[in-house]
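**Q** this one's structure only:
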């Protein structure tokens, strides 16, 4: 059986640089049931989105990573890809969802340095920069993205409170990746907080508190 895959050239180069990239994929259906497409979600080390993260590399809280969601075989000019929501959960089956992106815009209680939109809804790829975080009492973070295929006009988003509350998008599918970051303790006690700084601990606690408000 012959099997082949096609990717943009820079993706081929990036994937050749690591044996085990942090990569998720899913099949989504086009609008009105027209065709199916493979959507990919990848984590990169650099803002140029050329050096993928390996699942064997250690991440630490407050590291900045770069998330790409793309559909390699989506013809430019037909539909655009838009990431409607991004949320984190402590496990694959957990009902807990901490929203980072809603209706294509950073959630209202998420700071700009925690998650920023590089591009979204403007083509076949959406890009985001985010700081690594951990969910209290969990050693893992599962990151999920809900995807929509739409025309350029329908994908357009102005990130104001009005637009975020009024927009609704048909979800074509969901793709996810798994992140594992070092330093799991949220205890402020000095003996258990050794190995990371007090500013990191406070930042992690504050962000965890912000996420709990979103529930």
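**A** Perfect, I can see it now. In this text, all values refer to a predicted model and were calculated from it rather than measured experimentally.
**Q** hey, which helix or strand in the protein has the poorest pLDDT?
**A** helix 198-214 (a mean of 39; mean pLDDT, DSSP states H and E).
**Q** ok, residues contacting stretch 27-40?
**A** The contact list for stretch 27-40 (Cβ atoms under 8 Å, 6 or more residues apart in numbering) reads 23-26, 68-74, 79, 81, 147, 149-150, 170, 172-173, 175. Heads up, the C-betas are built off the backbone N, CA and C, glycines and all.
**Q** before we move on, which element is the residue most central in space within the chain in?
**A** Centre of the chain computed as the mean C-alpha position; nearest residue by Cα atoms, centre = their mean is residue 67, 5.2 Å away. Using DSSP states H and E, residue 67 sits within strand 64-70.
**Q** From the chain's centroid, how far away is that strand?
**A** 6 Å (Cα atoms, centre = their mean, to the nearest Å).
**Q** Surely the residue nearest to the centre of the chain touches residue 125?
**A** No - taking contacts as Cβ atoms under 8 Å, residue 67 lies outside contact range of residue 125: 10.8 Å.
**Q** Show me what the strand holding residue 67 is in contact with.
**A** Under Cβ under 8 Å, 6+ apart, the answer for strand 64-70 is 8, 11, 39-47, 49, 53, 59, 81, 83, 86, 118, 124-132, 143, 145, 147, 175, 177.
**Q** Show the buried residues in the contacts of stretch 27-40.
**A** The neighbour count (16 or more other Cβ atoms under 10 Å) marks 23-24, 26, 68-71, 74, 79, 81, 147, 149-150, 172-173, 175 as buried among the contacts of stretch 27-40.
**Q** Go through the residues you listed and name the one with the lowest pLDDT.
**A** Within the buried ones among the contacts of stretch 27-40, pLDDT reaches its minimum at residue 74, with 83.
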